[in-house]
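[1] Sequence first, then the predicted structure, then my questions.
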Amino acid sequence: MFFVYCIVLFVIYLQNPLSKTQRSIRFAYGSFFYLGTTIFLYNQAKIDLSDWHNYFFLYFKSAPSGKIALGSAVSVIVVMTLFQQLEKRGLLKKSYRFKRKDKIIFSISTLLIFLGFLAYASSRYAMKGIGNMRLDQIVFTMTQPIRGSDPGQIINYMVDPLLQALLITVPLATLLYFICACSFFKWQRYPEFNNKKVVMFGILALVFGIFLSGKEFGYADIKAFYFEKTDIYDEYYVDPKQVKLQFPEKKRNLVYIFLESTESSYFSKELGGIEEKNLMPHLADEAKAGIQFSNSDKLGGMLQVPGANQTASSMVAQTSGLPLRPSTSLNTTESSEKNSAEYFPGAYSIGQILDEEDYNQVLLMGSEAEFAGRDKYFSQHGNYEIRDYHWAVENGKIPEDYYEWWGYEDAKLFQYAKETLTELAQKDQPFNLTMLTADTHFEDGYESEQTPDVFGDQYSNVIHYSDKQIYELLQWMKKQPFYENTTVILCGDHLTMDSDFFDDIDPDYQRSVYNVFLNTDKKKVREKNRQFSAVDMFPTTLSALNVKIPGNRMGIGVNLFSGQKTLIEKKGYDNFQNELMKKSDFYDQKLMQSKEKNSSDP
């Protein structure tokens, strides 16, 4: 790429601009368009931008980098040569010099153009480039601090929607400049800068970009999210604090593992998935041996709903029976103080219930827990000990400068899980170890040197190796003395957001999130053809610990072991999703507001 770039600069130099300033402007302009277009197209073609070979060598067979680099170069040279010839023959001539006020107005208009197309490019990136996204996920992500996020996702944003917006804005701003300052061909035209028209051009571009953005999100979702209200919480919410739970005399331990982006679609078609070959043979065996609630008569899982469709919100929904809706009352600041702000103060979670029953509770993850406020939620809703990436650094588990993927890889996570479980089992109180894996996060997952190449596709290989690592942890647990009195729950957090992994999926196939309950005392359970979501996992988990739940409902979730109909089974999947997208005064005032504010309500 850089060799071709040098050729582009040499051609621009040979065009012999009249002055050094003109030459510098053309160098900058040509450089931006060549490098910007090439990097953007590299990213679209999924060429590894971290591999330095792709910047210095051209490939035509194994990857289209050569075609992209040469195509971009030809395009830039043709355009630059065209403008040079027009200027040389007097067909394009600068006739008006911008005043200071004109420059300010022009800059404002350019900014409006950029913001409009950034909105469009960002929405397109979110809905198509990431995949499996809805408006509430976008809003939630935008309201969270970026600290603790994967740096790779930030880089992807910069080389996709941000760069795309710039590549659209610069030509439009250039066209606007020519209209305002130049005469064309041999027309005796002396342009005059019109403030109103220039600003109107920027406003129209902004409105057009927002219109396209709305089309990407879906106007129905926008209407529901911002303008419609639901009474689903008023009608169905059951306050867990008011439910008189009955724990068994001997309380069971809990190991709850959130499996990143793990869905039952990874199974073979024969088992109920969508793959030709089974990517998760061990998890399939565990699902058959344990209890797996399925949306079909084969292996399946739970259905994804708004408010439980990305990691943090799904963790909240599965542990509190409530979807996590973006709100100004969801206080997540950059402060290092764990309890500096209240996080979902009206929710009452399994962590708080088990804390009152004297459970020792640990949250273990290889990423930074403060991302999306997860540290605040679990520390404030159950007094969990947070063992995340920072804990690993502080305790000498990994070097201070160690950072892989989202923090550290799952191979280390499972080793630390064994150490943590051994430590917890030595105490007199029951324990709850909640874990979150990360290797199977999009895009394409984390491939280590130990990941075998079984399928010829990185993401498939990562999923398959993660299945093996989870199996090995389960086998280790089953050999430990504490396992006899321990219930293990494996559950995906959401459907994968890997944009191209299910490109050829049957449109009639219902994707579902994996789950399995291991080592429970439950018998004669209606597992198959169930329609349920993350909120139902909350009471179901307590029931799996042999806790008796009067009414079998908590939050807006239903205990699946009871056989009662869930809200999805009552209302239908599409209708339930629609209701969760809508605003709710009950949700905002009773669940999102602090206890102090609630106590002052008349």
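    All right, it came through fine.
[2] What number of residues are in the vicinity of residue 385?
    By other C-beta atoms under 10 Å, the residues close to residue 385 number 14. Heads up, the C-betas are built off the backbone N, CA and C, glycines and all.
[3] give the contact list for it.
    360-363 (C-beta atoms under 8 Å, 6 or more residues apart in numbering).
[4] so which of these would you say is closest to residue 25?
    For those, the residue nearest residue 25 by C-beta to C-beta is residue 363; the value is 54.6 Å.
[5] Name the residues that touch the strand or helix carrying the closest one?
    Per DSSP states H and E, residue 363 falls inside strand 360-365. With C-beta under 8 Å, 6+ apart as the test, strand 360-365 has contacts from 351, 354-355, 369, 374, 378, 382-389, 407, 413, 416-417, 420, 424, 427, 429-436, 438.
[6] Show the buried residues in those residues.
    351, 354-355, 369, 374, 378, 382, 384, 386-389, 407, 413, 416-417, 420, 424, 430-436, 438 (16 or more other C-beta atoms under 10 Å).
[7] and the gap between the closest residue to residue 318 other than its chain neighbours and residue 552?
    Computed as C-beta to C-beta, 6 or more residues apart in numbering, the closest residue to residue 318 that is not its neighbour in sequence is residue 537, at 4.1 Å. Using C-beta to C-beta, to the nearest Å, one obtains 14 Å as the distance from residue 537 to residue 552.
[8] could you give the mean pLDDT of the host helix or strand of residue 77?
    Using DSSP H and E, residue 77 sits in helix 65-88. Mean per-residue pLDDT for helix 65-88: 82.
[9] May I have it as PDB, with CA atoms only?
    Provided in PDB are the C-alpha atoms of helix 65-88 (Å, rounded to 0.1, in the frame of the first residue of the first chain):
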ATOM      1  CA  SER A  65      -5.400  -5.800  -0.900                       C
ATOM      2  CA  GLY A  66      -3.600  -5.300  -4.200                       C
ATOM      3  CA  LYS A  67      -6.700  -4.600  -6.100                       C
ATOM      4  CA  ILE A  68      -7.900  -2.200  -3.400                       C
ATOM      5  CA  ALA A  69      -4.600  -0.300  -3.300                       C
ATOM      6  CA  LEU A  70      -4.300   0.000  -7.000                       C
ATOM      7  CA  GLY A  71      -8.000   0.900  -7.500                       C
ATOM      8  CA  SER A  72      -7.800   3.600  -4.900                       C
ATOM      9  CA  ALA A  73      -4.600   5.000  -6.500                       C
ATOM     10  CA  VAL A  74      -6.100   5.100 -10.000                       C
ATOM     11  CA  SER A  75      -9.200   6.900  -8.700                       C
ATOM     12  CA  VAL A  76      -7.200   9.500  -6.800                       C
ATOM     13  CA  ILE A  77      -4.800  10.100  -9.700                       C
ATOM     14  CA  VAL A  78      -7.700  10.500 -12.200                       C
ATOM     15  CA  VAL A  79      -9.600  13.000 -10.100                       C
ATOM     16  CA  MET A  80      -6.500  15.000  -9.200                       C
ATOM     17  CA  THR A  81      -5.400  15.100 -12.800                       C
ATOM     18  CA  LEU A  82      -8.900  16.200 -13.900                       C
ATOM     19  CA  PHE A  83      -8.900  19.100 -11.600                       C
ATOM     20  CA  GLN A  84      -5.300  20.000 -12.500                       C
ATOM     21  CA  GLN A  85      -6.300  20.100 -16.200                       C
ATOM     22  CA  LEU A  86      -9.400  22.100 -15.600                       C
ATOM     23  CA  GLU A  87      -7.400  24.700 -13.600                       C
ATOM     24  CA  LYS A  88      -4.600  24.700 -16.200                       C
END
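[10] Same question for that helix: list its buried residues.
    Neighbour counts over helix 65-88 (16+ other C-beta under 10 Å) mark 65-66, 68-70, 72-73, 76-77, 80, 83-84, 87 as buried.
[11] on that earlier part again, residues in contact with the helix or strand hosting the residue nearest to residue 318: which ones?
    Residue 537 is part of helix 537-544 when elements are defined by DSSP H and E. With contact meaning C-beta under 8 Å, 6+ apart, helix 537-544 is reached by 240, 245, 254, 256, 293, 302, 317-321, 349-350, 353, 487, 489, 491, 515, 517, 520, 522, 549, 552-555, 557-562.
[12] now do 6 Å
    318, 320-321, 487, 517, 520, 549, 554-555, 557, 559-561 (C-beta atoms under 6 Å, 6 or more residues apart in numbering).
[13] now do stretch 226-236
    556, 579, 582-584, 586-587.
[14] and what of stretch 566-577?
    Stretch 566-577 has contacts (C-beta under 6 Å, 6+ apart) with 303, 305-306, 531-532, 536, 558.
[15] now, the most widely separated pair of these?
    Farthest pair in the contacts of stretch 566-577, by C-beta to C-beta: 306 and 558, 18.1 Å.
[16] Look at the two and report which has more neighbours.
    Between residue 306 and residue 558, residue 558 has the larger neighbour count (other C-beta under 10 Å), namely 30 against 25.
[17] quick one, phi psi at that one?
    Here the main-chain torsion angles of residue 558 (degrees, to the nearest 10) amount to phi -120, psi 140.
[18] For it, which non-adjacent residue is spatially closest?
    Nearest to residue 558 is residue 566, by C-beta to C-beta, 6+ apart, at 4.6 Å.
[19] Could you report the separation of that neighbour from residue 120?
    Distance from residue 566 to residue 120, by C-beta to C-beta: 38 Å.
[20] What of residue 399?
    Distance, residue 399 to residue 120, by C-beta to C-beta: 42 Å.
[21] again, but for residue 543
    Applying C-beta to C-beta to residue 543 and residue 120 gives a distance of 47 Å.
[22] ok, of the contacts of stretch 226-236, which one's closest to residue 393?
    residue 587 (37.3 Å).
[23] Using CSV, please lay out the contacts of residue 385 together with neighbour count and pLDDT.
    CSV is the format used below for the contacts of residue 385 (neighbours: other C-beta atoms under 10 Å; pLDDT from 0 to 100):
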residue, neighbour count, pLDDT
360, 20, 97
361, 22, 98
362, 20, 98
363, 26, 97
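[24] Next, format the residues you listed as JSON lines and append distance to residue 312.
    Below are these laid out as JSON lines (distance: C-beta to C-beta, whole Å):
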{"residue": "360", "distance to residue 312": "23"}
{"residue": "361", "distance to residue 312": "18"}
{"residue": "362", "distance to residue 312": "18"}
{"residue": "363", "distance to residue 312": "12"}
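[25] mind listing the helices for the stretch 301-450 of the chain?
    Assigned helices in the stretch 301-450 of the chain, in chain order: 311-320, 350-356, 374-380, 389-394, 410-425 (criterion: DSSP state H, counting those that start in this stretch).
[26] Residue 495 is nearest to which of those helices?
    So among the helices of the stretch 301-450 of the chain, helix 311-320 is nearest, using C-beta to C-beta, at 10.1 Å.
[27] Let me see the mean pLDDT of that closest one.
    Here the average pLDDT along helix 311-320 is 94.
[28] Could you list the residues in contact with it?
    307-308, 323-324, 347, 349-350, 372, 374, 493-494, 534-535, 537-538, 555.
[29] mind saving the C-alpha coords of it as PDB?
    C-alpha atoms of helix 311-320 as PDB (Å, rounded to 0.1, in the frame of the first residue of the first chain):
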ATOM      1  CA  THR A 311     -23.600  -8.300  28.100                       C
ATOM      2  CA  ALA A 312     -24.300  -5.800  31.000                       C
ATOM      3  CA  SER A 313     -28.000  -5.600  30.500                       C
ATOM      4  CA  SER A 314     -28.300  -9.400  30.200                       C
ATOM      5  CA  MET A 315     -26.400  -9.900  33.400                       C
ATOM      6  CA  VAL A 316     -28.800  -7.500  35.100                       C
ATOM      7  CA  ALA A 317     -31.900  -9.100  33.600                       C
ATOM      8  CA  GLN A 318     -30.800 -12.700  34.500                       C
ATOM      9  CA  THR A 319     -30.000 -11.700  38.100                       C
ATOM     10  CA  SER A 320     -32.900  -9.300  38.800                       C
END
